[in-house]
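Chemist: Predicted coordinates and the sequence they were generated for:
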Amino acid sequence: MRLKTLFFLLIVRPLLLLFGGIRTEGIERLPHRGPAILVANHNSHLDTLALMSLFPAATLPRVRPVAARDYFYATPLRRFVSERLVGILPLERRGVKKRGGHHPLDPLAEALDRGEILIIYPEGSRGEPGELRPFKSGFAHLAKMRSNVPVIPVEIKGTDRALPKDEALWVPFIIDIHIGEACYYNGTVREFTRRVERFFKAPSDGS
Amino acid sequence: MNRVVLTGGLILTLLSLATLILKIMRRRSGLPYRELGARIHSWWVMAGLFLALILSGRAGAVGLFALVSYLAVKEYFTMIPIRRVDRRIIFWAYLAIPLQYWWAYEGWYGMFIIWIPVYLFLLLPFRQILTGQTRGFLESTGKVQWGMMLFVFSVSHLAFLYGLPEVQGHSGVEMLLYLVVLTELNDIYQYLFGKSLGRRPIAPAISPGKTREGFLGALAATTLTAAALRYLTPFSVPQALAAGAVIATAGFVGDLVVSMIKRDVGIKDSGDLIPGHGGILDRIDSLTYTAPLFFHGVYYLFY
């Protein structure tokens, strides 16, 4: 069994069970097979762990959160956790603009071609607690490149209380994860970005 | 102990009866009764866990109540609006839970009874001073204290009750069982009387489902059941009747108080931990009032 799977089964899931507790809505819409693009809001490092912990062990190796290489590979420890335990798909943020004819999203499209499930945070990075920053359109460009791949919006709440940005103390709060209906790219990149973004702005149904 | 096992058997028989009735209702009407089915199924799980752990001994019982408190107060902290700095005082509030249950386990009454309403309540404002955030101080301190009062302090009385020494041949376990069974039965009686006879709402602004008929029917039924289960307690008949009436009334109030909290923050169910019931708060709401009142009644009369 891979280190990543063990990490989630033996460490992440028990910790989340004890100190968090995840309530889900629409868990049946979580894809068990790739390719798929999960688009989520981002307030905490717990977002990735909580969302990934919902996947069955067999799917886990194929779930790849897309994250900035310059931050997550910056120190050996961070790199070990990011690469081996979480299995991120490192994204080059700087100086990649059409370098040598490569599109910066090519590695992501290739991952989708391999049947992987990508987690993308279009807010760019973790925002202030509870605040939704305007979505960047990267995921929509990717969806346009692979328009047969479903895009699934995932709203995560509670992680901003449990472990907000710039805090090291994890305080137990319940984490709510709401998985939306899959949609496919159409229209323009701008329109598609707004359409997905609307899911996160809709008032939740109070459950 | 035999009386505990006997009562446990009684509960399981009642549950079997409920399951049987559900099956008959399903067959007759062809309807799935999904909500009711989930409710009864959850009762099986809760009753099974509760009985197994109180029979397993002191550590199991106290551990169960500590876990219930923790899960309940976590639901509470998740649903109330807080400031970011409140994470700090909430963290300290969580740390107080294992200690509160440790005092209950040890049977250290003096510490048990003041740990939350004195020491923790004085500590939290002190921790607020360190954050230096004056705006919202009173509100957030009050919110955290009130949650700890209801879901930790009140509920921990169950654990202390468990450890009370025998009085007239009756152990704390028996009295704990008496209290919990009556509180939960009162909830069920309210539901049954409310569904069948309920007409006039009793607190429409807080909980539209609650009716006078439901409350009064449950009051009568719980009082009679209290007399019937008297064999678990050192009570005389009038004492048992009084205990039943207090549990019925206090349970009703506790239920409404938790409804009031949920109304205030604008949600209906506090969670989905217990299928058919809602969150854990929705299940223990009545106990937050019945546990301390019953405990102190017993403590005053017999200790």
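Modeler: Happy to help now that I have it.
Chemist: contacts and neighbour counts: CA atoms only from here.
Modeler: Noted.
Chemist: for the stretch 1-150 of chain B, what spans make up the helices?
Modeler: Read by DSSP state H, counting those that start in this stretch, the stretch 1-150 of chain B holds these helices, from start to end of the chain: B:2-29, B:34-56, B:58-79, B:86-106, B:109-114, B:121-131, B:137-148.
Chemist: just those: most buried one?
Modeler: Per-stretch averages of neighbours, counted by mean count of other C-alpha atoms under 10 Å in any protein chain shown, single out helix B:58-79 among the helices of the stretch 1-150 of chain B, with a mean of 21.
Chemist: Not counting the lengthiest helix in chain A itself, show me its contacts.
Modeler: Scanning chain A for the helix with the most residues, using DSSP state H, yields helix A:189-201. Under the criterion C-alpha atoms under 8 Å, 6 or more residues apart in numbering or on different chains, residues A:41, A:135-137, A:139-141, A:144, A:153, A:155, A:180, A:185-186 lie in contact with helix A:189-201.
Chemist: Chain B: which of the residues you listed is nearest?
Modeler: Within the contacts of helix A:189-201, distances to chain B taken as C-alpha to the nearest C-alpha reach their minimum at residue A:155, with 16.2 Å.
Chemist: Now that closest one: closest residue in space that isn't a chain neighbour?
Modeler: Excluding its sequence neighbours, the residue lying closest to residue A:155 (C-alpha to C-alpha, 6 or more residues apart in numbering or on different chains) is residue A:178, at 5.0 Å.
Chemist: For the helix or strand harbouring the one you found, C-alpha coordinates in CSV please.
Modeler: In this assignment (DSSP states H and E), residue A:178 forms part of strand A:175-179. Output of strand A:175-179 as CSV, limited to C-alpha atoms (Å, rounded to 0.1, in the frame of the first residue of the first chain):
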residue,chain,number,x,y,z
ILE,A,175,-16.5,20.5,8.9
ASP,A,176,-19.3,20.7,6.4
ILE,A,177,-18.6,19.5,2.8
HIS,A,178,-21.2,20.1,0.2
ILE,A,179,-20.6,18.4,-3.2
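Chemist: tell me what it is packed against?
Modeler: Judged by 3 or more C-alpha pairs under 8 Å, 6 or more residues apart in numbering or on different chains; DSSP states H and E, the packing partners of strand A:175-179 are strand A:22-25, strand A:151-157.
Chemist: Low-confidence ranges, the chain, go.
Modeler: No chain specified, so I'll use chain A. Low-confidence segments of chain A (pLDDT under 70): A:1, A:94-101, A:203-207.
Chemist: Sorry, I should have been clearer: chain B.
Modeler: Chain B contains residues with pLDDT under 70 at B:1.
Chemist: cutoff 80 now
Modeler: Applying pLDDT under 80 to chain B flags the ranges B:1, B:268-273, B:276.
Chemist: Residue A:30 contacts residue A:177, correct?
Modeler: No. Proximity of residue A:30 to residue A:177 does not meet the contact threshold set by C-alpha atoms under 8 Å, at 10.8 Å.
Chemist: who's more crowded, the two?
Modeler: residue A:177 (23 against 19; other C-alpha atoms under 10 Å in any protein chain shown).
Chemist: Chain A contacts on the stretch 201-303 of chain B?
Modeler: Contact residues of the stretch 201-303 of chain B with respect to chain A, defined by C-alpha under 8 Å from any C-alpha of the partner chain, are listed as B:267, B:268, B:269, B:271, B:272.
Chemist: Of those, which qualify as buried by neighbour count?
Modeler: With neighbours counted using 16 or more other C-alpha atoms under 10 Å in any protein chain shown, these contain these buried positions: B:267, B:269, B:271.
Chemist: List the contacts of residue B:162.
Modeler: Taking C-alpha under 8 Å, 6+ apart as the criterion, residue B:162 is in contact with B:58, B:61, B:62, B:171, B:172, B:173, B:175, B:176.
Chemist: For chain A, state which of those is nearest.
Modeler: residue B:62 (17.6 Å).
Chemist: OK, contacts around residue A:91?
Modeler: For residue A:91, the contacting residues are A:66, A:67, A:68, A:69, taking C-alpha under 8 Å, 6+ apart as the criterion.
Chemist: if we can go back for a sec, quick check: the residue nearest to residue A:155 vs residue A:47, distance?
Modeler: For residue A:178, the distance to residue A:47 equals 12 Å [C-alpha to C-alpha, to the nearest Å].
Chemist: Need the overlap of contacts for those two.
Modeler: With the criterion set as C-alpha under 8 Å, 6+ apart, the overlap between the contacts of residue A:178 and residue A:47 is residue A:156.
Chemist: And the two? Which one has more around it.
Modeler: For residue A:178 versus residue A:47, neighbours defined as other C-alpha under 10 Å are more numerous around residue A:47 (24 against 20).
Chemist: Do I have it right that residue B:97 meets residue B:154?
Modeler: No. Contact criterion C-alpha under 8 Å: residue B:97 and residue B:154 do not qualify, at 11.8 Å.
Chemist: so the most centrally placed residue in chain A, which of the three states?
Modeler: Among the residues of chain A, the smallest C-alpha distance to the mean C-alpha position (C-alpha atoms, centre = their mean) belongs to residue A:119, namely 3.0 Å. Secondary structure for residue A:119, judged by DSSP: H, G, I helix; E, B strand; the rest coil, is strand.
Chemist: Please list all residues in contact with it.
Modeler: Listed by C-alpha under 8 Å, 6+ apart, the contact set of residue A:119 reads A:37, A:38, A:39, A:40, A:63, A:64, A:65, A:66.
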